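J.: Fold the following, please.
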Amino acid sequence: AAEAKEEEPAQSPREEAEDDEAAAAARRRPPSTSSAAFARCVRHVITRIPRGKVAAYGQVAALAGAPGNARQVGRLLADGLCYGGAPWHRVLGAAGKISLPAAAGGERQRALLEAEGVVFREHGAVERGTFWARNVPFFAA
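T.: Residues are numbered from 1 along each chain as shown. Purely as a prediction, here's the structure:
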């Protein structure tokens, strides 16, 4: 895997509020979730997950304008969508657990999250309150 480059800073609460439903309606998601344009929507969402927070694959898909496409988000990440600095490590399964096997990047993902202050419970899921609270899509379906 490529080393992470400097990522975009997380939005301030004011900036996030300005990026509301009206803005989402102006940015339509591409009709196909297998397109490069949809991959850019997903990358846009991932770059906005705040440091120390995580998002589920399904949450990323919904914020990218394609609810129900969690597996496509996983495929895009597996194909290297975030090479070059986007915080791929902040995307987890819906139960708050790392879905990668330890030897295939799961250990690195956990180390990156712990370095950001994310705490894991004994059974491997992140602590409550770690999920990003945003629910307003960045892109309209």
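J.: Every contact and neighbour count from this point should use C-alpha atoms.
T.: Fine.
J.: Report the separation between the residue of the chain most remote from its centre and Ala56.
T.: In the chain, Glu122 marks the outermost C-alpha relative to the chain mean, sitting 23.3 Å out by C-alpha atoms, centre = their mean. With the distance defined as C-alpha to C-alpha, to the nearest Å, Glu122 ends up 19 Å from Ala56.
J.: ok, now which ones touch the residue nearest the centre of the chain?
T.: Residue closest to the average C-alpha location in the chain (C-alpha atoms, centre = their mean): Ile46, at 3.6 Å. Contacts for Ile46 (C-alpha atoms under 8 Å, 6 or more residues apart in numbering) come out as Val60, Ala86, Pro87, Trp88, Arg90, Val91.
J.: from these, which two are the most distant?
T.: The distance between the two most remote of the contacts of Ile46 (C-alpha to C-alpha) is 13.3 Å, for Val60 and Ala86.
J.: Which of those two has more residues huddled nearby?
T.: It is Val60, of Val60 and Ala86, that has more neighbours when counted by other C-alpha atoms under 10 Å, with 30 against 21.
J.: So what does the more buried one have for phi and psi?
T.: phi -60, psi -40 (degrees, to the nearest 10).
J.: got it, and Arg134?
T.: phi -60, psi 130.
J.: And Phe138, by the same measure?
T.: Main-chain dihedrals, Phe138, degrees, to the nearest 10: phi -80, psi -20.
J.: can I assume it is in contact with Leu63?
T.: Yes: between Phe138 and Leu63 there is a contact at 5.4 Å, judged by C-alpha atoms under 8 Å.
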